[in-house]
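# Pasting the sequence and the predicted model now:
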Amino acid sequence: MDSLKFAFDTLIVGALALPWLALFVRMYFVQSATADSRLAIVSALPEHTREAVASVLIVALGYFLGAAATRISNNFFNDELWFALPTESSIRASVYDREYCNVHSALKSYNVNLPLVLGHAAAAETAVCTAVGEVRRHVVTELFRIQEGRLLLAGEDKLARLKEFHDQIIILRGSALNGTALAVLSLFGLCACYRARFSDRLRRAISYLPALALLGYGLFSLYRHFADYHPRAAHGFPYEDPPLAELVLILFAICGFLVCRRTSKEDLRVYRNTWILAVVLTLIAHGAWWWTEVLYNEQVIHSSLHVPAARPAADRPNSES
């Protein structure tokens, strides 16, 4: 059980992936709600070993889905394809801009003496406030990593609140990705149900528009991603940003084209209710992740004020003397 505690957030994200995985199986592999959905590999085992093997498979599948969803969600919600929507980098840049360029400046106007940041408060503030555009994003990212790294070296007993925010970010961000997958798949299921009811070709073609729009935007984003490949490769960073978000959009679109038509009212009701629930929960998860990112970055900034900077090696006392 101790090993499961270590991967608790990963298993939670994996468990939240099971609804869209079940819907995916229903849409593409199960022809009716009464069909036998038992795993063939479990059914082939001796009866006295099935329960143990099934438990191991569930934990392994949950960890696999959780680890994959955690990594993909980190890229998915920090990609340039979202334009004006908040991403991890834009949220962090906004928080650092407010803390260093607005709050600190306002406090200094009232002659309030702030603790040193990394031992060089003026240098950190100047770096954040004078940089613009993409340079500011890189400066903020590096400054955040240095501050977060220093806090992690301070010991776990001093990082309980910070770890709580970090775990919440992982779970909420993974939940938002899982909710997005559930909403997209249920929308494609709705389109398939309405497609089965239409007789003319125009209406049936219109039901493919969501998948076509997602495919077009995914291919466009993939082209933009690789259009920047040569500049990154020229600077020695060709593999720093895999096109995970773009590939996820394209895979979603392919699922929309391949979904089977369903004519039963039960399928229509399941897809409609699932889509409504998935949209609501995804919006809640995304908003909660957004606000937790703000709180986490603020906590890193404020906590770093109370952690002394590491002394240079030349200034450290010689333990052998």
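Great, that's in hand. Residues are numbered from 1 along each chain as shown.

# CA only for contacts and neighbour counts going forward, please
Will do.

# what number of residues lie near residue 219?
When neighbours are counted by other C-alpha atoms under 10 Å, residue 219 registers 16.

# again, but for the one 3 residues further on
Here the number of neighbours of residue 222 (other C-alpha under 10 Å) works out to 19.

# Check the one 3 residues further on too.
Look at residue 225: counted by other C-alpha under 10 Å, it has 17 neighbours.

# any idea which helix or strand carries it?
helix 209-227 (DSSP states H and E).

# Quick check: buried residues in stretch 268-285?
268, 271, 272, 274, 275, 278, 279, 281, 282, 284, 285 (16 or more other C-alpha atoms under 10 Å).

# CA-only coordinates of it in PDB, if you can.
These are the backbone C-alpha positions of stretch 268-285, laid out as PDB (Å, rounded to 0.1, in the frame of the first residue of the first chain):
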ATOM      1  CA  LEU A 268     -28.900   8.700 -27.800                       C
ATOM      2  CA  ARG A 269     -29.800   9.200 -24.100                       C
ATOM      3  CA  VAL A 270     -26.400   7.900 -22.900                       C
ATOM      4  CA  TYR A 271     -24.400  10.100 -25.300                       C
ATOM      5  CA  ARG A 272     -26.500  13.200 -24.600                       C
ATOM      6  CA  ASN A 273     -26.300  12.900 -20.800                       C
ATOM      7  CA  THR A 274     -22.700  12.000 -20.900                       C
ATOM      8  CA  TRP A 275     -21.800  15.000 -23.000                       C
ATOM      9  CA  ILE A 276     -23.700  17.400 -20.700                       C
ATOM     10  CA  LEU A 277     -22.000  16.000 -17.600                       C
ATOM     11  CA  ALA A 278     -18.600  15.900 -19.200                       C
ATOM     12  CA  VAL A 279     -18.800  19.500 -20.400                       C
ATOM     13  CA  VAL A 280     -19.800  20.700 -16.900                       C
ATOM     14  CA  LEU A 281     -17.200  18.700 -15.100                       C
ATOM     15  CA  THR A 282     -14.500  19.700 -17.600                       C
ATOM     16  CA  LEU A 283     -15.200  23.400 -17.100                       C
ATOM     17  CA  ILE A 284     -15.100  23.000 -13.300                       C
ATOM     18  CA  ALA A 285     -11.800  21.000 -13.500                       C
END
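
# quick one: contacts of that stretch?
172-173, 175-177, 179-180, 182-184, 186-187, 189-190, 193, 262 (C-alpha atoms under 8 Å, 6 or more residues apart in numbering).

# who wins for most neighbours among those residues?
Highest count within these by other C-alpha under 10 Å belongs to residue 173, 30 neighbours.

# Can you list the neighbours in contact with whichever strand or helix holds residue 25?
Assigned by DSSP H and E, residue 25 falls within helix 18-28. Here helix 18-28 makes contact (C-alpha under 8 Å, 6+ apart) with 32, 33, 178, 179, 181, 182, 185, 186, 189, 259, 260.

# same question, stretch 217-228
So stretch 217-228 is contacted by 81, 243, 246, 247, 249, 250 (C-alpha under 8 Å, 6+ apart).

# try it again with 6 Å
246, 249, 250 (C-alpha atoms under 6 Å, 6 or more residues apart in numbering).

# Same question for stretch 129-145.
So stretch 129-145 is contacted by 93, 101 (C-alpha under 6 Å, 6+ apart).

# Secondary structure class of residue 58, three-state.
With DSSP: H, G, I helix; E, B strand; the rest coil as the basis, residue 58 sits in helix.
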